[in-house]
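Enquirer: what's the 3D shape of this:
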Amino acid sequence: MGKPWKILDSIKTAEGLLELRQRDERDFLITIGGLVLMNSMANRSEVVLGQLGCRHLTEHSAPRVLVGGLGMGFTLRAVLDSLPASARVLVAELNPVVVNWCRGPLARLTDSAVSDPRVTIEICDVAALVRQYAQAGPAEHFDAIVFDLYKGPHFRTDPLNDPLYGSRAIAHARAALRPGGVFAVWGENYDEGFARRLLKAGFKVGNSRPGRGGLRHAVFVAERLETLPQQPLQRKRQSPG
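Expert: Purely as a prediction, here's the structure:
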């Protein structure tokens with residue numbers, strides 16, 4: 001019989017009680033409203049997300065990376081391990097208690113990724129942050145944007161107005177990236193509609209399903225192309241003579 005979970009900390013949020021639980025030295029859960037958001041013993045897709053999002057930057061002189069969502073820090077750790085010492089990584093996290101957990105009981109899992117000198121944490125909505133940088137000058141743009149959010153794109157996503165995965169949000173992400181930059185996104189499942197929106201917005205799109213057998217999450221890897229795809233011309237309808 002497995003050990004019982006011990007609640008280390010909890011905080012009320014608009015979506016329910018956010019809790020950190022532990023039962024062994026490296027066995028942790030983060031739950032919200034009783035639903036499991038992440039498990040420290042099942043982090044393969046988060047690691048692959050960070051690796052694929054930044055694999056093009058290993059030889060870059062001074063890359064800039066935006067990570068949306070901190071979680072337990074596994075994606076951030078993979079991002080940092082893919083980058084040179086000159087990199088700068090901005091992490092957008094909604095809840096400061098999650099940052100505290102990653103600096104405290106969860107730090108051992110990622111060699112204290114949040115304390116890496118390359119990292120800056122901003123407590124904010126990552127969608128708003130992307131919109132801000134989309135309007136900034138080229139020097140402020142990113143070489144990679146990595147979304148590790150507990151709700152990924154899915155078939156119910158509003159294709160136009162979803163603040164993270166709709167067409168308008170994708171356009172903002174593209175505008176906040178440098179040419180050749182990568183927009184990498186975690187999803188619970190593959191979503192064809194999201195992939196189509198990325199293609200239409202001017203990205204070259206690939207995806208990965210890390211792991212073997214069982215539930216395998218999706219990792220979308222979208223490379224920003226230099227130019228937008230050509231849109232077909234709409235012929236004007238002729239009025240009947």
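
Enquirer: what's the longest helix in this structure?
Expert: In the chain, with assignment by DSSP state H, the single longest helix is helix 44-54.

Enquirer: buried sites along that helix?
Expert: Residues of helix 44-54 classed as buried by neighbour count (16 or more other CB atoms under 10 Å): 45-54. Bear in mind the C-beta positions are built from the backbone N, C-alpha and C, glycine included.

Enquirer: ditto for stretch 112-119
Expert: 113-114, 116, 118-119.

Enquirer: which residues touch residue 111?
Expert: Contacts for residue 111 (CB atoms under 8 Å, 6 or more residues apart in numbering) come out as residue 77.

Enquirer: got a pLDDT number for it?
Expert: Residue 111 carries a pLDDT value of 97.

Enquirer: related to what we said a few turns ago, okay, the longest helix of the chain in CSV with CA atoms only?
Expert: These are the backbone C-alpha positions of helix 44-54, laid out as CSV (Å, rounded to 0.1, in the frame of the first residue of the first chain):
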residue,chain,number,x,y,z
ARG,A,44,8.8,13.5,-19.7
SER,A,45,6.7,15.8,-21.9
GLU,A,46,7.7,19.0,-19.9
VAL,A,47,11.4,18.1,-20.3
VAL,A,48,11.0,17.5,-24.1
LEU,A,49,9.1,20.7,-24.4
GLY,A,50,12.0,22.7,-23.0
GLN,A,51,14.6,20.8,-25.1
LEU,A,52,12.7,21.1,-28.4
GLY,A,53,11.9,24.8,-27.8
CYS,A,54,15.5,25.7,-27.3
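
Enquirer: what are the ranges of the helices in this structure?
Expert: Under DSSP H, the chain gives helices at 44-54, 74-81, 96-103, 126-134, 167-175, 192-200.

Enquirer: elements contacting the fourth one?
Expert: Judged by 3 or more CB pairs under 8 Å, 6 or more residues apart in numbering; DSSP states H and E, helix 126-134 is in contact with strand 64-68, strand 88-93, strand 142-147, helix 167-175.

Enquirer: could you dump those to JSON lines with mean pLDDT?
Expert: What follows is those, written out as JSON lines (pLDDT from 0 to 100):
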{"stretch": "strand 64-68", "mean pLDDT": "98"}
{"stretch": "strand 88-93", "mean pLDDT": "98"}
{"stretch": "strand 142-147", "mean pLDDT": "98"}
{"stretch": "helix 167-175", "mean pLDDT": "98"}
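
Enquirer: about what we covered before: for the helices of the chain, which one sits closest to residue 13?
Expert: Across those, residue 13 has its closest neighbour in helix 96-103 (9.1 Å, CB to CB).

Enquirer: what's the angle between the closest one and helix 74-81?
Expert: Orientation of helix 96-103 against helix 74-81 (axes from the mean of the first three to the mean of the last three CA atoms, to 10 degrees) gives an angle of 60 degrees.

Enquirer: what's the most buried one of the helices of the chain?
Expert: Stretch with highest mean neighbour count among these: helix 74-81 (a mean of 25; mean count of other CB atoms under 10 Å).

Enquirer: turn the helices and strands packed on helix 126-134 into CSV, columns for distance to residue 3.
Expert: Output for these, formatted as CSV (distance: least, CB to CB, whole Å):
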stretch, distance to residue 3
strand 64-68, 32
strand 88-93, 29
strand 142-147, 33
helix 167-175, 41
